[in-house]
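S.K.: Sharing a model prediction with you, sequence too.
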Amino acid sequence: MLEITDLNVYHGSSRTLKDFSLALNAGEVLCLLGRNGAGKTTALKSIMGLLPAQSGSIRLEGRELTSLRPYEVPKQGIGYVPQGRRLFSELTVQENLDIGLMTRKTGRDVLENALKLFPRLRERLGQVSGTLSGGEQQMLATARALCIDPSVILLDEPTEGLMPSMIATIRDVVLQLRDQGKAILLVEQRVDAVLSVADRVCFVENGKAHPALPVAALRDDPSLLERYVGVS
Ligand SMILES: Nc1ncnc2c1ncn2[C@@H]1O[C@H](COP(=O)(O)OP(=O)(O)OP(=O)(O)O)[C@@H](O)[C@H]1O
């Protein structure tokens with residue numbers, strides 16, 4: 001569904017992604033794991049066209065994305081939930097969701113599906129989003145991405161700073177979306193969260209992606225985590 005091949009991305013003169021390659025399938029959760037600064041967020045931003053590719057390709061069902069402007073990428077059906085959520089904090093919950101709906105001119109049924117996953121947001125449609133709790137803001141950022149009716153969803157550390165019950169809610173939603181056939185690329189630092197949600201994991205090390213492994217490989221060989229993430 002989404003195929004990244006030999007992608008090279010620079011920040012100034014430093015090469016942040018080095019011949020970075022991975023393939024993401026429909027109906028799976030692929031988790032990017034790696035140390036701080038390994039290049040995980042850079043990979044997601046590059047997919048969204050927020051950082052230009054020096055070389056390499058990013059294809060969604062065969063269509064090349066690297067030549068698109070950033071505003072054109074979500075229109076292809078890629079939803080992005082950035083680290084830190086990046087809501088329009090002065091706008092209400094409804095207005096944030098409307099921005100998602102406008103992106104691809106999706107219908108109210110798409111909004112209904114998103115609100116079904118997050119009933120708590122339905123109760124707060126008129127609330128200014130900057131006044132939501134951290135967990136509710138994460139729900140809103142996810143629901144806004146779902147309002148474009150994406151086939152691919154990129155989530156950057158969605159459980160960061162959340163309490164356990166909220167982490168469980170996000171995990172359940174990710175699994176439901178996977179079961180609906182969405183392709184999900186997840187950056188996640190919490191090993192327990194990775195083990196409970198991922199189908200495959202891909203270690204990112206110094207800007208390079210190692211070949212993806214089934215998540216069972218982490219259980220079978222815990223030394224992988226120590227080697228690539230620095231936890232045991
Ligand atoms: N705007 C920027 N200007 C210069 N260098 C940057 C910029 N953004 C990121 N980098 C560098 O690119 C490298 C990869 O950063 P990136 O944020 O992709 O890492 P990450 O794997 O997501 O890390 P973390 O787990 O800490 O979020 C780091 O060395 C970082 O310092």
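M.R.: Thanks, I have it. Numbers count the residues shown, from 1 in each chain.
S.K.: got the CA coordinates for the longest helix belonging to the chain in CSV?
M.R.: Criterion DSSP state H: the longest helix present in the chain is helix 164-179. Provided in CSV are the C-alpha atoms of helix 164-179 (Å, rounded to 0.1, in the frame of the first residue of the first chain):
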residue,chain,number,x,y,z
PRO,A,164,-2.8,4.1,31.5
SER,A,165,-6.6,4.2,30.8
MET,A,166,-6.1,6.7,28.0
ILE,A,167,-3.3,4.6,26.5
ALA,A,168,-5.6,1.6,26.5
THR,A,169,-8.3,3.7,24.6
ILE,A,170,-5.8,4.7,22.0
ARG,A,171,-4.6,1.1,21.6
ASP,A,172,-8.1,-0.1,21.2
VAL,A,173,-8.8,2.5,18.5
VAL,A,174,-5.6,1.6,16.6
LEU,A,175,-6.6,-2.1,16.7
GLN,A,176,-10.2,-1.3,15.4
LEU,A,177,-8.7,0.9,12.6
ARG,A,178,-6.4,-1.9,11.6
ASP,A,179,-9.3,-4.4,11.6
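S.K.: Flag every buried residue along stretch 153-162.
M.R.: Neighbour counts over stretch 153-162 (16 or more other C-beta atoms under 10 Å) mark 153-160, 162 as buried. Every residue, glycine included, has its C-beta placed from N, CA and C.
S.K.: Please disregard the earlier target; I meant stretch 24-32.
M.R.: Quick answer for stretch 24-32 (16+ other C-beta under 10 Å): 24, 28-32.
S.K.: Nearest to residue 57 among those residues?
M.R.: Nearest to residue 57 out of these is residue 24 (C-beta to C-beta; 14.0 Å).
S.K.: shouldn't the closest one be in contact with residue 182?
M.R.: No. Using C-beta atoms under 8 Å, residue 24 and residue 182 do not qualify as a contacting pair, with a distance of 10.2 Å.
S.K.: Which one of the buried residues of stretch 24-32 is nearest to the ligand?
M.R.: Nearest to the ligand among those: residue 32, at 7.8 Å, using C-beta to the nearest ligand atom.
S.K.: my guess is that closest one contacts residue 42, does it?
M.R.: No. In this structure, residue 32 is not within contact of residue 42 by C-beta under 8 Å, at 10.5 Å.
S.K.: Look at residue 196 and say how many residues are nearby.
M.R.: When neighbours are counted by other C-beta atoms under 10 Å, residue 196 registers 15.
S.K.: Spatially nearest residue to residue 124 (excluding sequence neighbours)?
M.R.: Spatial nearest neighbour of residue 124, chain neighbours left out: residue 93 (5.2 Å); criterion: C-beta to C-beta, 6 or more residues apart in numbering.
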